[in-house]
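> Need the 3D shape of this:
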Amino acid sequence: MFSIGDKIVYPMHGAGIITGIEEKKILGATHEYYILSMPCGDMKIMVPVGNCDEVGIRHIGGASIVSQVLEVLKGQTTEMPSNWNRRCRENMEKLKTGDIFEVAEVVRNLMRQDRQKKLSTGEKKLLTNAKQILISEMILASGEDKEQMTELVNEAV
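Below you'll find the predicted structure:
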């Protein structure tokens, strides 16, 4: 169980800080929810406490995670399927893992793909989402602001 003030990663949404734990009655059933405040997009998300293990919620990495992520971003492009539909599916699976290095790989590969040959609309949305997920964890791990982290990511790729 997490506590108020904990910095956690919610796969497919990004990193946030637990600002509260509330009981809510939804569809006749009462459940406890973590209230997450996200650093990117000024969004608040309710996460069912009972589903944390199922969805892969975890604590964010320490400050050293930022330099490790930057190394992944600078690394070799991973071979991806030429079919955009398969590529999109594979990248979505990587995002669902919640692993910051998998997310960094998706960001790196899609940014480079976009430079060579413009991405489809679906892949552009996927890239935007992946960057937000990556940058949100980097912000909370380092204490830096969104602009600095975005610039670091763009320069590394």
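> Tell me the pLDDT of the residue in the chain sticking out farthest from the centre.
Centroid-distance maximum for the chain: residue 28 at 31.6 Å, with Cα atoms, centre = their mean. Note for residue 28: predicted pLDDT of 90.
> Who are the contact partners of it?
If a contact means Cβ atoms under 8 Å, 6 or more residues apart in numbering, then residue 28 has no contacts. All C-beta atoms are positioned from the backbone trio N, CA, C, and that covers glycine.
> Show me what the top helix by length along the chain is packed up against.
Using DSSP state H to define each element, the chain has its longest helix at helix 121-142. Helix 121-142 is packed against strand 7-10, strand 14-26, helix 64-74, helix 84-97, helix 100-116, helix 146-156, with contacts defined by 3 or more Cβ pairs under 8 Å, 6 or more residues apart in numbering; DSSP states H and E.
> okay if I get those as CSV plus mean neighbour count and distance to residue 135?
Formatted as CSV, those follow (neighbours: other Cβ atoms under 10 Å; distance: least, Cβ to Cβ, whole Å):
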stretch, mean neighbour count, distance to residue 135
strand 7-10, 21, 12
strand 14-26, 16, 8
helix 64-74, 16, 10
helix 84-97, 15, 14
helix 100-116, 20, 9
helix 146-156, 15, 5
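> So for residue 57, which of these sits nearest?
strand 7-10 (5.5 Å; Cβ to Cβ).
> how close does the residue nearest to the spatial centre of the chain sit to residue 94?
Nearest to the centroid of the C-alpha atoms of the chain, with distances taken as Cα atoms, centre = their mean, sits residue 133, at 2.3 Å. Distance check for residue 133 against residue 94: by Cβ to Cβ, to the nearest Å, it reads 11 Å.
> Fine, thanks again, bye for now.
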